[in-house]
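[1] please work out how this folds:
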Amino acid sequence: MPAAPSRTARRRLLQVSAALLVLAGLLVWWLVPFGAKTPSGHVTFSTGVPTGVYQRYGELLRQALGRDLPDVSITLKDSEGSQQNLARLASGDADFTVATADAVGQYLRDRKPGFEKLRGCARLYDDYVQVIVPKGSPVETVSDLRGLRVGVGQPGSGVRLIADRVLAAAGVTPDVDVVPVSAGIDTMPKLMEERKLDAFFWSGGLPTAGVQALSERLPVRLVPLDAALVDSLHDVGGSTRFYRSATIPGDAYSLAQSGNPVDTVAVANILVTTEDADPDLVEGFTRTVIASRDGIGNQVHPAQLVDLRTAIYTEPLPLHEGARRYYRSVKP
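    Residues are numbered from 1 along each chain as shown. Okay, the predicted model is just below:
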């Protein structure tokens, strides 16, 4: 029968055990910092029309989030655009979305259901208004669209909102002076090819795949929107203050522009959620949006313009607490 360990041996054994417990505790603390939570669950991200930038951006962002937040499953949900996205978010049918600042401003201004719950996560990239016509079209300005069949976006889209405003700013009454066609970027190029549209409006990042592909199949060009038109837009007041003069670079659509820049109107996009969203989840979402800029930007050019220095400016929405926590963590 083995001899019982001496008192000294027992003391050493206890000391070694205690040391191992401390070491194990330190290791756990190092691997899983105290108080840190790993977001989990399921969220719905409302995007846009299938061939638009919102949808492609959402697909690539979901892949990046899958790596950064492995316990969160994400469902992408097609939409007509910004206005429908905001309505889904406010009603609880979506947890995150992207919407233009003018659409957000109008939603707040109209005090639509759930408007007070909306919160910003990050300012993303700018949308550029693009008015497309066949290359041989006599249309030189928006005023020349009178009497023509014009694609103005779907009813729930940000395109419809800005198309109606641009037409009105040019002295053209929507639904009266033009024949409006409710369609999105997924169908408008085909309608133009079939000669069922004389022009169409699109508001999106540069370049938009649908416009690029159309220019490779059909000779088209962009109608300029000059600074005077932007001034007229601002005179309307309200959420039109979010529009600014911009230039579409000559190489955005090389075939449609022949290397020439085109004056237009731009408006910022915002990643939006609600005040009820889990702060840890929002912090993780925001971190991935910033960190994945270059990776996503290699495939969706507008994403290259996401900038940490400006992402925090989500006007007209206040920042969600989770997003604010992220920006504080990376503040120099």
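
[2] flag the shaky bits of this protein, pLDDT-wise.
    1-37, 332 (pLDDT under 70).

[3] for it, just list every one of the helices.
    Under the criterion DSSP state H, the chain contains helices at 7-31, 53-68, 82-91, 101-109, 158-169, 188-193, 209-217, 227-236, 254-257, 279-291, 293-297, 308-311, 321-329.

[4] tell me what angle the fourth one forms with helix 227-236.
    In this case it means helix 101-109. In terms of direction (axes from the mean of the first three to the mean of the last three Cα atoms, to 10 degrees), helix 101-109 departs from helix 227-236 by 10 degrees.

[5] can you check the fifth one too?
    For helix 158-169 against helix 227-236, the angle by the same axes, to 10 degrees is 100 degrees.

[6] buried residues in helix 158-169, which are they?
    Neighbour counts using 16 or more other Cβ atoms under 10 Å place Gly158, Val159, Arg160, Leu161, Ile162, Ala163, Asp164, Arg165, Val166, Leu167, Ala168, Ala169 of helix 158-169 among the buried residues. Backbone N, C-alpha and C define where each C-beta goes, glycine included.

[7] excluding its backbone neighbours, what's nearest the fourth one?
    On the basis of Cβ to Cβ, 6 or more residues apart in numbering, the spatially nearest residue to Leu161 that is not a chain neighbour turns out to be Ala103, at 5.7 Å.

[8] hang on, the one you found packs against Val159?
    No. Here Ala103 lies out of contact with Val159, judged by Cβ atoms under 8 Å, at a distance of 9.9 Å.

[9] between those two, which contacts overlap?
    Residues within reach of Ala103 and of Val159 at once, by Cβ atoms under 8 Å, 6 or more residues apart in numbering, are Gly81.

[10] residues in contact with the residue nearest to Leu161?
    Shown in contact with Ala103 (Cβ under 8 Å, 6+ apart): Gly81, Ser82, Gln83, Leu86, Gly158, Leu161, Ser239.

[11] adding distance to Asp110, write those out as a markdown table.
    Output for these, formatted as a markdown table (distance: Cβ to Cβ, whole Å):
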| residue | distance to Asp110 |
| --- | --- |
| Gly81 | 16 |
| Ser82 | 13 |
| Gln83 | 10 |
| Leu86 | 10 |
| Gly158 | 14 |
| Leu161 | 11 |
| Ser239 | 10 |
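
[12] among those, who's most crowded?
    Neighbours were tallied for each of the contacts of Ala103 (criterion: other Cβ atoms under 10 Å), and the maximum of 35 neighbours falls on Ser82.

[13] and it, how far is that from Phe45?
    14 Å (Cβ to Cβ, to the nearest Å).

[14] out of the contacts of Ala103, which is nearest to Glu283?
    Taking Cβ to Cβ as the measure, Glu283 lies nearest Leu86 of those, at 22.1 Å.

[15] quick one: contacts for the residue nearest to the closest one when sequence neighbours are not counted?
    Of all residues not flanking Leu86 in the chain, Tyr107 sits nearest, at 4.8 Å (Cβ to Cβ, 6+ apart). For Tyr107, the contact set (Cβ under 8 Å, 6+ apart) comprises Gln83, Leu86, Ala87, Ala90, Phe115, Leu118.

[16] quick check: bridge partners of Phe201?
    Note on Phe201: beta-bridge partners by DSSP bridges are Val131.

[17] contacts only, for it.
    In this structure, Phe201 makes contact with Val129, Gln130, Val131, Val150, Gly151, Val152, Gly153, Val159, Ile162, Ala163, Val166, judged by Cβ under 8 Å, 6+ apart.

[18] show me the one of the helices of the chain that comes nearest Leu76.
    helix 53-68 (5.0 Å).

[19] how close does the residue positioned nearest the centre of the chain get to Tyr57?
    For the chain, the residue lying nearest the average C-alpha position, counting by Cα atoms, centre = their mean, turns out to be Val98 (3.6 Å). From Val98 across to Tyr57, the span is 7 Å (Cβ to Cβ).

[20] common neighbours of the two, please.
    Counting by Cβ under 8 Å, 6+ apart, the contacts common to Val98 and Tyr57 are Thr47.

[21] Val282 contacts His320, correct?
    Yes. Taking contacts as Cβ under 8 Å, Val282 lies within contact range of His320: 4.9 Å.
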